[in-house]
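*Asks:* Whatever this is, show me its structure:
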Amino acid sequence: MNITVLSVAKWLAVAFLASVLFSHTNALRFLLLLAGVCVVAASAIRARAGAGPDGLALIPPILIPFLLWMAWAGASLFWSQEPELSRKEFTNELVYTLIAFWFCYLAGQAPGAARALGYGLGAAVAAVCLFAVYAFFLDRVQYEFGLHGGAGNLSSLLITLMPGLLLIAWLSRTGVASMRAGALAWMCLALVGLGAYTTLNRTIWAAFAIQVFLLGVLILWWSCRDRRLDRRKLLGAAAAAVVVAVIAGVALVQISEQRSQLLRQNPRKEAVLDGQRDPRLQIWPYAADLVRERPWLGMGYGRGIARKPLQRQFTAREIWHAHNLVMETAIQTGITGAVLLLVLIGMTAVHGLRHA
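*Replies:* Now for the predicted structure:
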């Protein structure tokens with residue numbers, strides 16, 4: 001019975017995570033999350049009563065650093081310059097995330113969960129990229145409002161998922177993942193490249209290059225521990241990394257040419273299109289000044305809490321936050337909050353490495 005309950009939770013988690021990739025699906029996400037939490041809660045209660053599956057872990061390994069970061073962000077509500085914004089962001093970003101994290105952690109322990117998540121999330125990634133390609137080439141008016149969420153959302157999504165696709169492609173060569181999974185991962189990587197092209201975002205290619213480099217470093221480090229990885233496989237991995245880097249370079253050149261065409265058509269976009277005049281390079285020194293004003297406590301939790309001083313300083317409407325995760329966190333919750341967030345990210349990496 002418990003295996004059946006966890007299996008239901010598994011598919012609810014797959015559907016929930018797939019829906020997160022699409023815009024305009026908030027109601028669907030909440031329904032799936034509510035149903036999933038009820039299912040895993042029932043399974044957890046049965047496990048505590050001794051009737052559940054053996055070995056079901058109820059506490060995620062990074063729960064303590066997450067709660068520490070969450071507690072400090074919650075405490076900032078007492079000194080927030082915009083308490084209403086902070087309360088809303090705290091509920092939407094941290095409480096929601098904690099519930100979703102616990103649900104997916106328990107559902108991920110169901111038999112076959114990794115396989116279901118891989119195929120389900122892979123199909124969703126392919127669909128999102130195809131929506132973006134369609135909107136970019138055939139329906140430009142609706143690009144920013146499509147199911148993929150526009151260039152900004154799509155860029156963040158692809159950067160987040162790229163390492164997982166690269167790892168599946170590599171693990172299929174070592175026999176850990178199936179060849180079918182590897183082939184589908186390469187297909188998704190090709191679609192991710194097309195989707196990234198539609199964003200016309202320079203920094204996404206830099207992020208991809210860093211991820212490929214880190215993957216190569218991990219493979220070489222792991223080869224020192226696993227003698228089964230012979231030289232031929234390592235050369236294959238290096239060749240694959242070179243191919244990905246070349247494709248990224250070609251795409252970057254194409255985007256540069258396209259941006260030049262847009263600039264000739266509309267010279268007023270020069271400040272946005274010129275990499276040397278990237279607005280972020282102007283935002284960060286001012287954001288650092290905002291951190292110095294309240295270095296330890298910050299202005300209060302909530303993305304964009306410094307939007308008023310930023311919009312007084314800069315005229316561009318998209319400059320309403322620091323465009324830098326660590327600096328934006330320091331503005332919100334001070335240096336203390338930024339350190340706690342970095343500890344959470346670091347502990348996530350450590351536990352991921354131990355799991356690997």
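*Asks:* Need the per-residue pLDDT for Gln261.
*Replies:* Reading off the confidence values, Gln261 has pLDDT 59.
*Asks:* Could you list the low-pLDDT ranges of the stretch 101-250 of the chain?
*Replies:* Across the stretch 101-250 of the chain, residues meeting the criterion (pLDDT under 70) sit at 225-241, 243-245, 247-248, 250.
*Asks:* what are the ranges of the helices in the stretch 251-356 of the chain?
*Replies:* Taking DSSP state H, counting those that start in this stretch, the helices of the stretch 251-356 of the chain run over residues 270-273, 279-293, 307-313, 325-355.
*Asks:* Out of those, which one sits most buried?
*Replies:* Taking mean count of other Cβ atoms under 10 Å as the contact definition, the stretch among those with the greatest mean neighbour count is helix 325-355, which reaches a mean of 17. Where you see a C-beta, it was placed from the backbone N, CA and C, and this is true even at glycine.
*Asks:* rewinding a little: could I get the helices of the stretch 251-356 of the chain as JSON lines with distance to Ala47 and mean pLDDT?
*Replies:* As requested, the helices of the stretch 251-356 of the chain are exported to JSON lines (distance: least, Cβ to Cβ, whole Å; pLDDT from 0 to 100):
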{"stretch": "helix 270-273", "distance to Ala47": "54", "mean pLDDT": "47"}
{"stretch": "helix 279-293", "distance to Ala47": "45", "mean pLDDT": "90"}
{"stretch": "helix 307-313", "distance to Ala47": "45", "mean pLDDT": "92"}
{"stretch": "helix 325-355", "distance to Ala47": "21", "mean pLDDT": "94"}
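*Asks:* Looking at those helices, spot the one closest to Ala75.
*Replies:* Across those, Ala75 has its closest neighbour in helix 325-355 (8.6 Å, Cβ to Cβ).
*Asks:* Nearest spatial neighbour of Phe207, chain-adjacent residues omitted?
*Replies:* Check again: residue 207 is Ala, not Phe. Ile159 (4.7 Å; Cβ to Cβ, 6 or more residues apart in numbering).
*Asks:* I'd say the one you found and Ile204 touch.
*Replies:* Yes: here Ile159 reaches Ile204: they are 6.2 Å apart, a contact under Cβ atoms under 8 Å.
*Asks:* out of those two, which sits in the busier spot?
*Replies:* Ranked by neighbour count (other Cβ atoms under 10 Å), Ile159 and Ile204 place Ile204 first, with 25 against 19.
*Asks:* Return the set of buried residues in the host helix or strand of that one.
*Replies:* Assessed by DSSP states H and E, Ile204 sits inside helix 202-223. By 16 or more other Cβ atoms under 10 Å, the buried positions in helix 202-223 come out as Ile204, Trp205, Ala207, Phe208, Ala209, Gln211, Val212, Leu215, Gly216, Ile219, Ser223.
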